[in-house]
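Enquirer: Sequence and predicted model, in that order:
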Amino acid sequence: MKDRPLRTTVIGSYPFPGWLEFASAHLDKFGEADVKELIEDAVAIAIHDQMAAGLDVITDGEQARLDFNLSFYGFIEGIALESAPPRRFGPPAHDQRGQHQITGELRAPRGLGAVADFERLKRLAPPGPALKASVPGPYTLSGRLIPNQRYPDRHAVTEALLPIVRGELLALVQAGCREITVDEPSMSCYAHREDTRRLVDIFNRAVEPVIGKCRLSTHLCFGNYKARAVGPRRYAPMFPAFLDLKVDEIHLEMASREFAELEIIGEIAARKDVAVGIIDVKSYYIETPEDVAARVKRCLQHAPADRLSFAPDCGLSQTARWAAREKLKSLGRGVQKVRQELKL
Ligand SMILES: [Zn+2]
């Protein structure tokens, strides 16, 4: 179980500062040392905003993942640079993001970069909060790779990526990482048309080497690229199968779904910790600390305090930074209010 009741946490990503986004579009103008400095400055800011919100768990905001070469895919051999997206104009959606051709054997001899990200976070973060690393699970990671003769469908691509993810998790633990989220939003987006037992088996084989060696969680949302969902936004198709995920904590998106199916957190809490998304990352309505406190109390009607964590619905990378900062502050203050009221 976690170290404190009503823990506040985040899903990995945080918005890039405007200057970082500008720099990432002009990386050829920067030297290696400049890029290192850009990333460290951005991570320091992401840490600062999370610390200012008083969160119990923080991440590096995935600030180092600023172009293809620095993305998880950039670390994988056997794939070609992103192909042009099928749609380039019109309203924003996931089909404006390119996919990668597979050109050879999928390998990651240098890992996926998460260890260097964690080492940097460890070096820059002040003492206090728990430091969390995030790694995409193999099924989610397979989503942007186009199957070919060698890897004929999404499951074949997933199986090829599975040992890469296993290796990364093990390397993180060996580097001293004590808390890891294995992000599998593709599982929640497509559970309605997949064999859920098969998805659980994939997940459990991916995390197998680190079970019991760190606090493991997963993030199951319905898609947030350009703040648009892609799944049917219902958790029912995943349960009860997903109760067998070998994790300490399952994170669910609740705020943007107006807390539909909230009772499911009771079912999860009977087996493991549950992190509830109570901040809507897609809305520019800024939740007040009072809103947050009311949402926490609503969750307490279904699950005990020592099983509950609270977070935004998803990573904040698709939310403007001014709003992300205010939303995190409300998260911290609102949960703190309830802790004080309940003398936790
Ligand atoms: Zn998400």
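Expert: Structure received. Numbers count the residues shown, from 1 in each chain.
Enquirer: The residue in the stretch 1-150 of the chain positioned nearest to the ion - nearest residue in space that isn't next to it in sequence?
Expert: In the stretch 1-150 of the chain, the residue found nearest to the ion is Ile11; the distance is 5.9 Å by Cβ to the ion. Where C-beta positions appear, they are placed from N, C-alpha and C, glycine not excepted. Spatially, and ignoring its direct neighbours in sequence, Ile11 is nearest to Gly315 (4.4 Å; Cβ to Cβ, 6 or more residues apart in numbering).
Enquirer: same thing with Ala80?
Expert: Gln101 (4.3 Å).
Enquirer: Can you name the next helix or strand after the helix or strand that contains that neighbour?
Expert: In the assignment (DSSP states H and E), Gln101 maps to strand 100-107. Downstream of strand 100-107, the next assigned helix or strand under DSSP H and E is helix 114-124.
Enquirer: how about the residues of the stretch 201-344 of the chain near the ion?
Expert: When proximity is defined as Cβ under 5 Å from the ion, the stretch 201-344 of the chain approaches the ion at 221, 224, 314.
Enquirer: Out of those residues, list just those in strands.
Expert: Per DSSP state E, strands hold no members of these.
Enquirer: neighbour-wise, which of the residues you listed leads?
Expert: Neighbour counts for these, by other Cβ atoms under 10 Å, peak at Cys314, which reaches 31 neighbours.
Enquirer: where's it relative to Glu32, distance?
Expert: 32 Å (Cβ to Cβ, to the nearest Å).
Enquirer: what do you get for Ala80?
Expert: In terms of Cβ to Cβ, Ala80 sits 24 Å off from Glu32.
Enquirer: between these two, who's got more neighbours?
Expert: Ala80 (11 against 7).
Enquirer: Enumerate every residue touching that one.
Expert: The contact partners of Ala80, taken as Cβ atoms under 8 Å, 6 or more residues apart in numbering, are 100-103.
Enquirer: quick one: which of those has the most company?
Expert: Neighbour counts for the contacts of Ala80, by other Cβ under 10 Å, peak at Ile102, which reaches 21 neighbours.
Enquirer: Can you name the residues that contact that one?
Expert: Under the criterion of Cβ under 8 Å, 6+ apart, the contact list for Ile102 reads 78-80, 145-148, 150-151, 157.
Enquirer: By neighbour count, which of the residues you listed wins?
Expert: Compared across these, Val157 has the highest neighbour count, 24 neighbours, by other Cβ under 10 Å.
Enquirer: circling back: can you give me every residue that contacts the residue nearest to Ile11?
Expert: By Cβ under 8 Å, 6+ apart, the neighbours of Gly315 are 10-14, 62, 224, 281.
Enquirer: Please apply the same query to His302.
Expert: 262-263, 265-266, 269.
Enquirer: Might you specify the subset of the residues you listed located within helices?
Expert: Judged by DSSP state H, helices contain the following of the contacts of His302: 265-266, 269.
Enquirer: Kindly state the pLDDT recorded for the nearest residue to Asp306 once chain neighbours are set aside?
Expert: Nearest residue to Asp306, sequence neighbours excluded (Cβ to Cβ, 6+ apart): Pro5, at 4.6 Å. Pro5 carries a pLDDT value of 94.
Enquirer: ok, the residue of the stretch 51-200 of the chain found nearest the ion - how many residues close by?
Expert: At 4.5 Å from the ion, Pro185 is the closest residue in the stretch 51-200 of the chain, using Cβ to the ion. Pro185: 27 surrounding residues under other Cβ under 10 Å.
Enquirer: do the same with the one 10 residues further on
Expert: When counting by other Cβ under 10 Å, one arrives at 11 neighbours for Asp195.
Enquirer: before we move on, what about Asp67?
Expert: Other residues within reach of Asp67, judged by other Cβ under 10 Å, total 12.
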